[in-house]
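1. model this:
(2 chains)
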Amino acid sequence: MEALVALVIGTLAAVGIYLMLRLRTFPVILGLTFLSYAVNLFIFVSGRLAVNAAPIIGSGEPYADPLPQALVLTAIVISFGMTAVIMIMAVGGHLTAGHDRIDLDKGGDQ
Amino acid sequence: MSLALIAALPFLGAMLPGLMIRRGRNACAIAAGSVTALALLLLAGHAPTVLSGGIVQTRIDWLPALGLNATFFLDGLGLLFAGLILGIGLLIILYARFYLAKSDPMGLFFTYLLLFQGAMLGIVLSDNILLLLIFWELTSLSSFLLIGYWKHLPEGRQGARMALAVTGAGGLAMIAGMLILGNIAGSCDLTVILTQKAAIQASPHYLPALILILIGAFTKSAQFPFHFWLPHAMAAPTPVSAYLHSATMVKAGIFLMARLWPVLAGTPEWFWIVATTGLVTMVLAAAIALFKDDLKALLAFSTVSHLGLVTMLLGFGTKPAATVAVFHILNHATFKAALFMTAGIVDHAAHTRDLRRLGGLRRLMPVTFTIAALAGLSMAGIPPLNGFLSKELMLEEAAHTLWLTPWAMGLLATVGALLSVAYSFRLLAHGFLGPLRDDLPHRPHDPGPGLWLAPGFLALLVVVIGLFPMASAAWLVDAAAGAVTGEAAHVHISHWHGLQAPALWMSLAAIGGGLALLGLYPRLRGIWDALPRPEAKRLFDGLVESLAQLARTSIEGLHNGSFGRALSLAVLAIAGAALWAFLGGSHVAGDRARLPADPVTLGLGLILIGAALSVPILHRNRVVALILTGVAGLLIAPLFVLFSAPDLALTQVAVEVVTILLMLVALHFLPKDTPAESAMPRRLRDAGIAAIAGIGIGALAWMMMTRAPAFDPISTYHLAQSKPGAGGTNAVNTIIVDFRGYDTFGEIIVLGIAALVIYALSETLLKSAAVTRRLAAHPRARESGDRHPMMLVVSTRLLLPMAMLVGVYIYLRGHNMPGGGFVAGLVFAIAYLMQYMASGYDWTHARQRFDHHVLIGWGVLIAALAGVGAWAFGLPFLTSGYDYVHLWPLEEFELATAAIFDLGVFLCVLGAVLLALASLSRLALRTGEAPNTRAYDTEGAP
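-> Prediction:
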């Protein structure tokens, strides 16, 4: 199972990085979303994998490590906020500049 | 406390002149002067203790673990310097009040001056070397502001920049040196370091520490070869030059050498470096000074020369020489500040400071001439003025010092003194004596007392110290020299040492030779002008330019405006570092028991991987890419369920829905397709980089999961305390709202800020005419026949109360079962977003009775109140409490303050999500879409 999860994390990260290396805003933001998935999963599994061990007291020991879960829970919500901010920047950039390329034009006055 | 107050007073008072300038220039100067005078009075209160051999200490612990404490101490040396800084500072404030023109912003000037004064006081009063270094850097910064005060002058700006670059770079070296010194001594307190002479001089790190500290001191005190910045700093207003270059800034390096003299001096290294540098500086700068025509430039190089003299004396490493050095510091401050101020008066009155154009001023400006003559003769070392006394003592020390040959030091010191006589006489002869010139730009006359009182007072000191050295100065020199040498000093200063004293004959030779040089001046000037000389400013500018070019080239190699390039380099660098670390260590396979794979999970994982991998292939169609992203995101939720994280699964599902909705709305304003721009090689290269990153992260995750944690997880505590401590059985929720409540409080604020940023950005976009034009020309979506299909509208309305019920339920159970404020907020938000989608923005917005901003505000406020509530019980912020309540006819239930905090989280999340989506939707109003006023369209598309 560990191998599968590692494979999932690696794939999500690779897809994220590849999309972030594209030249337009939308794929870059999708890439960032994939990278967030990978990082959130990575932090989550730092509590190690456990089945039938939800950290609800009284549901029977052992319990999964609740700390990474709490960290990731807020991270998921925060990454939504971050995606939303970048998205409005992308929309604004497209509406003001007339294109959605991310690189600066070389030799331009920027 | 009082010592810290003395150092803090100028900083606190620095605000006053800026405020008082509205009441006029006098009020402004009086404010600055009062602050300085108060500090001087406080200092004087400590003088009796210090003069009787005691030291005054103040200690305020700040970061004791790092050795960084606000500790101050005052001994004789500190008293001498603090007295000079504040005393001359007071005179400078008086002088500057009448010197600055009406057009100069005086409030700003005095603010800068007080900041600088505070930084200088900090240096001389600090007991902690880290604190001293902070003040040291502050003098570099505040002197930059002062030197560049006339920002309209290019020389002012360039001079300020050069001073900052040279002294700042020296300051960096000094930080390293001081840290080594502190490390050897095992303490950051100067009072401790000063007792560690044996340990420091025996340490193998003594030489590096010495050299680094001396670089700092030499740059600050303009010693050869770092002397070139000081003349360029003369572009500053004259009060600044008089203050910085007589008593303060350039004396900081001298102060430091004197301060560390007990532990650093006395070794051959110290002698050769310090004495030689001082000697070379003294002779060379004196020679340059003789051939300068600008009064201030001449004084600047003479300052460099005299600083060299003091440095040389400290370099001798003997106690009598150090005592003479201290005496000369005092004398130099008096006559040089007076001379700078008279140079400013001449400049003011005659509109020029060029010695070639001046002459005969003694008749027109008798008062100024008297002051300049007294100070100038003192600088030349003419008896009985104070400059003579210390020069005589210096020559005596030099005559007894063995440097290369028995006579070399004495000879060169005499040459230095001789040149000093020559330029001092030249200043007086070419400036004030001789026939009156009738081609002056402006017919000069003596200024009002406002300008001559300050230099006049200093000239009086020159005479008084000169005539009665034992009564007027010896006690201060004794105290300061005692602090430098570490044993009680009893200096005997007299004018006559007898015919057998070598200093007498050296002095006579210097005066005679100086007069002869002045007589030969025109011929010497011709030779001097013909000599090739390196131009320091050109060399410096060339060095700075080449460094800037190097920085530019290397930065543009990394950041050339291409995001992909920067990201690729970052990924490869991280991967390379990780690989290097991995190969450097030993590696054994992990031994943690693995979970067996079951077919369902395997299937889920493979679909997830498949969905993710198809995005890079199909990403040109953005809607497809978005849907596939949503598939991948939603499939993560079952993984969370499987691996015992129900809370995460709930959050992931809810956030995924909201994110995809947001991106759909955004896609409305963006092109629907991504053009194929990159060629196959580039795509393969990117895929390679992405693969390296993916393999790296995957491998890291694998290695982490197959091993037990290296340290016991701290969450054992959270699990154990979840029920008894926080009153909830859901350990994840108790961590969020209780154990780590402060983190969560910060996070909801960040989320709220993000939503407000989105709102502000969309507002700005809507205000821009270009954006409005583009939006109006936006191709309108005509893909769907019904804008608001009836089935969808009806079903979302039915769903709304049910979704809210679920939300409330999730919120209430959160403390004990999976759920909580975050998820509840998201569920509520989705229920509302469904209304927006189904019935349109206008229809929904018109029925909404609350503002999204208000929700965010209330959320943060309620969470804060839940935290502050703990104060009422004398507990720290965000301490939670709970109790069980029995209320008929209900069963017993629990009431926890954490639930109030969670309510804040809930409101903030709801408001932030709605505000973010609504802000994006508002852009659609400008695309020419007719606002919908009806719940659903019965006639089909508009």
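2. outside of the host helix or strand of residue B:611, which residues touch it?
-> Element membership for residue B:611, per DSSP states H and E: helix B:599-618. Counting by CB atoms under 8 Å, 6 or more residues apart in numbering or on different chains, helix B:599-618 makes contact with A:1, A:4-5, A:7-8, A:11-12, A:15, A:18-19, A:30, A:34, B:624-625, B:628-629, B:631-632, B:635-636, B:638-639, B:642, B:687, all of which sit outside it. The way it works is simple: take the backbone N, C-alpha and C, and place the C-beta from them, glycine included.
3. tell me the SS of residue B:810?
-> For residue B:810, the assignment made with DSSP: H, G, I helix; E, B strand; the rest coil gives helix.
4. what about it, how many residues close to it?
-> By other CB atoms under 10 Å in any protein chain shown, 24 other residues sit near residue B:810.
5. Which residue is the nearest non-sequential neighbour of it?
-> Spatial nearest neighbour of residue B:810, chain neighbours left out: residue B:819 (3.9 Å); criterion: CB to CB, 6 or more residues apart in numbering or on different chains.
6. domains of chain B?
-> What automatic domain parsing lists as the domains of chain B is B:265-548, B:729-942.
7. what mean pLDDT does stretch B:615-626 have?
-> The pLDDT scores in stretch B:615-626 average 93.
8. Tell me the residue of the stretch 451-600 of chain B that sits nearest chain A?
-> residue B:561 (3.1 Å; CB to the nearest CB).
9. So that residue sits against residue A:102, correct?
-> No. If you go by CB atoms under 8 Å, residue B:561 and residue A:102 don't touch, sitting 9.8 Å apart.
10. the more surrounded of these two?
-> residue A:102 (18 against 15).
11. burial of the residue nearest to the more buried one when sequence neighbours are not counted, as a residue count?
-> Nearest non-adjacent residue to residue A:102, counting by CB to CB, 6+ apart: residue B:563, 5.0 Å away. Residue B:563 has 17 neighbours, counted by other CB under 10 Å.
12. Quick check: buried residues in the lowest-mean-pLDDT helix or strand in chain A?
-> Scoring the helices and strands of chain A by mean pLDDT, DSSP states H and E places helix A:66-97 at the bottom, with a mean of 92. Neighbour counts over helix A:66-97 (16 or more other CB atoms under 10 Å in any protein chain shown) mark A:66-88, A:90-95 as buried.
13. residues contacting residue 91?
-> I'll assume chain A. B:666, B:669, B:670, B:765, B:920, B:923.
14. Switch to chain B, please.
-> B:337, B:454, B:455, B:457, B:458.
15. which of the residues you listed lies closest to residue B:420?
-> Comparing the contacts of residue B:91 against residue B:420 with CB to CB places residue B:337 closest, at 17.2 Å.
16. Number of residues surrounding that closest one?
-> Neighbours of residue B:337 using other CB under 10 Å come to 30.
17. How about residue B:127?
-> By other CB under 10 Å, the residues close to residue B:127 number 26.
18. and it, what is it in contact with?
-> Contacts of residue B:127 by CB under 8 Å, 6+ apart are B:57, B:59, B:71, B:72, B:73, B:189, B:190, B:191.
19. ChimeraX command to pick out the buried ones of these?
-> The following ChimeraX line selects those of the contacts of residue B:127 that are buried, judged by 16+ other CB under 10 Å:
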select /B:59,71,72,73,189,190
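20. would you list the contacts of residue B:127 in JSON lines and tack on distance to residue B:895, pLDDT and secondary structure?
-> As requested, the contacts of residue B:127 are exported to JSON lines (distance: CB to CB, whole Å; pLDDT from 0 to 100; DSSP: H, G, I helix; E, B strand; the rest coil):
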{"residue": "B:57", "distance to residue B:895": "55", "pLDDT": "88", "secondary structure": "strand"}
{"residue": "B:59", "distance to residue B:895": "49", "pLDDT": "86", "secondary structure": "strand"}
{"residue": "B:71", "distance to residue B:895": "51", "pLDDT": "89", "secondary structure": "strand"}
{"residue": "B:72", "distance to residue B:895": "53", "pLDDT": "91", "secondary structure": "strand"}
{"residue": "B:73", "distance to residue B:895": "57", "pLDDT": "90", "secondary structure": "strand"}
{"residue": "B:189", "distance to residue B:895": "54", "pLDDT": "88", "secondary structure": "strand"}
{"residue": "B:190", "distance to residue B:895": "58", "pLDDT": "89", "secondary structure": "helix"}
{"residue": "B:191", "distance to residue B:895": "58", "pLDDT": "88", "secondary structure": "helix"}
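21. Widest-spaced pair of the contacts of residue B:127?
-> The distance between the two most remote of the contacts of residue B:127 (CB to CB) is 12.4 Å, for B:59 and B:190.
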